[in-house]
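Novice: Got a sequence here, can you build the structure:
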Amino acid sequence: MSSSISLLQRLARWRPWVLRDEPKQAVKVLVTGAAGQIGYAIVAMIARGQMLGPEQPVVLHMLGLPRAADALNGVRMELIDAALPLLRGVVATSNEAEAFKGVNVAILIGGWPRKEGMKRKDLIAKNVPIYKSQASALQQHAAPNCKVLVVANPANTNALVLKEFAGGIPAKNITCLMRLDHNRALGQIAEKLNVPVSDVKNAIIWGNHSSTQFPDASHATIRTELGERPVTELVADEKWLREEFVSTVQQRGAAVIKARKQSSSLSAASAACDHVRDWILGTPKGTWVSMGVCSDGSYGIPEGTFFSFPVTCDKGEWSIVQGLQIDDFARSKMEASTSELKEEKAVAINIL
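Specialist: Here you go, the predicted model:
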């Protein structure tokens, strides 16, 4: 009973009408790139309550390119045909002003995809103009406290561009998706120890959403009949934790592409829902998650860098977990990812 009360109280902090006897206001959620695979997967999840809760009505705003107008309209028709009780309306458009108008949550999936042979700097060059334009749309048309999640790669640098050109949106309201990597880390630990993934918590992804990210299991725990125990103690294999575990999580996206000839879609959509749900409704006590956020200098990461940290969330705000011990191995990995992000920033600035 107490846990139910706690959930209602958390909901009421962000949406105060929850505990009042009146109809709930619909939350406007924007999904860009909605005709793509991740977009197609996530819109139904949002409309079913997986992002904002099972009782929260939503209005979906979907943005697509003009050439994808027919596909986007097809997604709109399917949403209507699904007769989803929480869905209060659907806007499908290729006009940024219309798409961003009044939105409370923006999930930015649309971007220039990385193609075979394309270098990361080329990908940045293609996406900087897109995110500069969307920054302007956010600032001019979104709700004042709009929460933004950047999914499109290079996610950290795209988030940086948004921050620089959407000055009216607080930097703390702009984040990038690292939850997919976080969930991958939890999944690998669960498989290694043959336990339910729900019993694993507090893995960390440090750094960039790239192959330089550092999946860190040194603070993770497993729930057992005897209480919580460290993953490092139960695995008891330092080589696996520092090599196979790290490389598997780092390269998981490439492995999925190789296996299904397409990038991660279902898992990315699910992770985006997890990210926003925990951000808005709060993380469970004693649990942290990985989010790409604007650094405040914690752990020696330069201020203003969009970097994945362990965070807890409460009342719609995230906070970086402080005081974790960082050994030399972890520090070297974090520095490598920081260096890559500095290089990406330089490329973006040069383009701008």
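Novice: separation between Ala125 and Lys119?
Specialist: 9 Å (Cβ to Cβ, to the nearest Å). C-beta: built from backbone N, CA, C; applies to glycine.
Novice: In terms of packing, which of these two has more residues around it?
Specialist: Ala125 (16 against 10; other Cβ atoms under 10 Å).
Novice: name the helices or strands packed onto the helix or strand encompassing that one?
Specialist: Ala125 belongs to helix 120-141 when assigned by DSSP states H and E. Helices and strands touching helix 120-141, by 3 or more Cβ pairs under 8 Å, 6 or more residues apart in numbering; DSSP states H and E, are helix 96-100, strand 105-108, helix 155-165, helix 328-351.
Novice: Partner strands of the second one, with direction?
Specialist: In the sheet, strand 105-108 lines up against strand 27-32 (parallel), strand 147-150 (parallel) (DSSP bridges).
Novice: Tabulate these in JSON lines, adding columns for distance to Ser247.
Specialist: Listed next are the strands paired with strand 105-108 as JSON lines, based on distance: least, Cβ to Cβ, whole Å:
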{"stretch": "strand 27-32", "distance to Ser247": "32"}
{"stretch": "strand 147-150", "distance to Ser247": "25"}
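Novice: got JSON lines for those, with distance to His275, mean neighbour count and mean pLDDT too?
Specialist: Conversion of those to JSON lines gives the following (distance: least, Cβ to Cβ, whole Å; neighbours: other Cβ atoms under 10 Å; pLDDT from 0 to 100):
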{"stretch": "strand 27-32", "distance to His275": "13", "mean neighbour count": "26", "mean pLDDT": "98"}
{"stretch": "strand 147-150", "distance to His275": "6", "mean neighbour count": "26", "mean pLDDT": "98"}
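Novice: Go through the helices and strands packed on helix 120-141 and name the closest to Arg48.
Specialist: strand 105-108 (15.0 Å; Cβ to Cβ).
Novice: So for that closest one, mean pLDDT?
Specialist: If you average the pLDDT over strand 105-108, you get 98.
Novice: How about Trp288: what's its closest non-neighbour residue?
Specialist: Pro310 (4.3 Å; Cβ to Cβ, 6 or more residues apart in numbering).
Novice: go on, Cys176?
Specialist: Distances taken as Cβ to Cβ, 6+ apart place Gly292 nearest to Cys176, at 3.4 Å, with adjacent residues excluded.
Novice: Same check on His219?
Specialist: Spatial nearest neighbour of His219, excluding adjacent residues (Cβ to Cβ, 6+ apart): Asn202 at 5.4 Å.
Novice: Show the contacting residues for the one you found.
Specialist: Contacts for Asn202 (Cβ atoms under 8 Å, 6 or more residues apart in numbering) come out as 219-221, 287-288, 310.
Novice: Those into CSV, with extra columns for neighbour count?
Specialist: Written out in CSV, the entries for those read as follows (neighbours: other Cβ atoms under 10 Å):
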residue, neighbour count
His219, 18
Ala220, 22
Thr221, 22
Thr287, 14
Trp288, 24
Pro310, 24
